[in-house]
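Asker: I need the structure of the sequence given here:
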Amino acid sequence: MRPLKPLDEGRVQQVVSDLYRCHRDLIGFHWPAETLQAEFHSTEGWGTFHGQRLVNFVLYRVTPVAWEISVVASHPEFWGQGLMRSLLSHIIVIKPADKELWLEVHCENKGAWGLYESLGFCRMGVRANYYPGGGSAWLYTLR
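Answerer: Below is the predicted model:
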């Protein structure tokens, strides 16, 4: 596990591309290549690697009061192995004590919000009809 570097952009794109190839029905996950590229260049990030292969990553934006997580993704071959739990646990440990963690998740993405809640994130609000198709986003924070 290490911070993402500029040379990891292609690896981030590959994880997302493989996600779409394997799971066309991802709930609330919509990151076209150009949008993901812009997000990668405007955020900080951490990833888990097996050799040179990126298997999961988290992108976040540093604000005066929080680290706002914008993208959380795992390669489907590595789902269910606890790697995202480990990565998010690491992010929780390294964030400054005076900053919160913020994220949002589609209300129907039970696996994601179950993971976040098990790590101590609390649901703090909702953005109704936020996603294409009318799905709501649940807003989470961890202090």
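Asker: might you report the residue contacts of the closest residue to residue 136 other than its chain neighbours?
Answerer: Nearest residue to residue 136 in three dimensions, chain neighbours excluded: residue 107, at 4.6 Å (Cβ to Cβ, 6 or more residues apart in numbering). In this view, the C-beta of every residue, glycine as well, is placed from N, C-alpha and C. Applying Cβ atoms under 8 Å, 6 or more residues apart in numbering to residue 107 gives the contacts 113, 126, 135, 136, 137, 138.
Asker: packing partners of the longest helix belonging to the chain?
Answerer: When the chain is scanned for its longest helix (criterion: DSSP state H), the result is helix 9-22. Helix 9-22 makes packing contacts with helix 33-41, strand 44-50, strand 53-62, strand 66-74 when contacts are defined by 3 or more Cβ pairs under 8 Å, 6 or more residues apart in numbering; DSSP states H and E.
Asker: adjacent strands (with direction) for the second one?
Answerer: Same thing as strand 44-50. Looking at strand 44-50 with DSSP bridges, its paired strands and their directions are strand 2-3 (antiparallel), strand 53-62 (antiparallel).
Asker: which parts of the longest one are buried?
Answerer: What that stands for is strand 53-62. Counting neighbours by 16 or more other Cβ atoms under 10 Å, one finds that the buried residues in strand 53-62 are 54, 55, 56, 57, 58, 59, 60.
Asker: nearest to residue 70 among those residues?
Answerer: Using Cβ to Cβ, residue 59 is the member of the buried residues of strand 53-62 that lies nearest residue 70, at 5.2 Å.
Asker: ok, the closest one touching residue 47?
Answerer: No - counting by Cβ atoms under 8 Å, residue 47 is not a contact partner of residue 59; they are 9.4 Å apart.
Asker: picking that back up, residue 87: which of the strands paired with strand 44-50 is closest?
Answerer: When the strands paired with strand 44-50 are ranked by proximity to residue 87 (Cβ to Cβ), strand 53-62 comes first, at 5.7 Å.
Asker: if anything else comes up later, I'll come back, but that's it for now.
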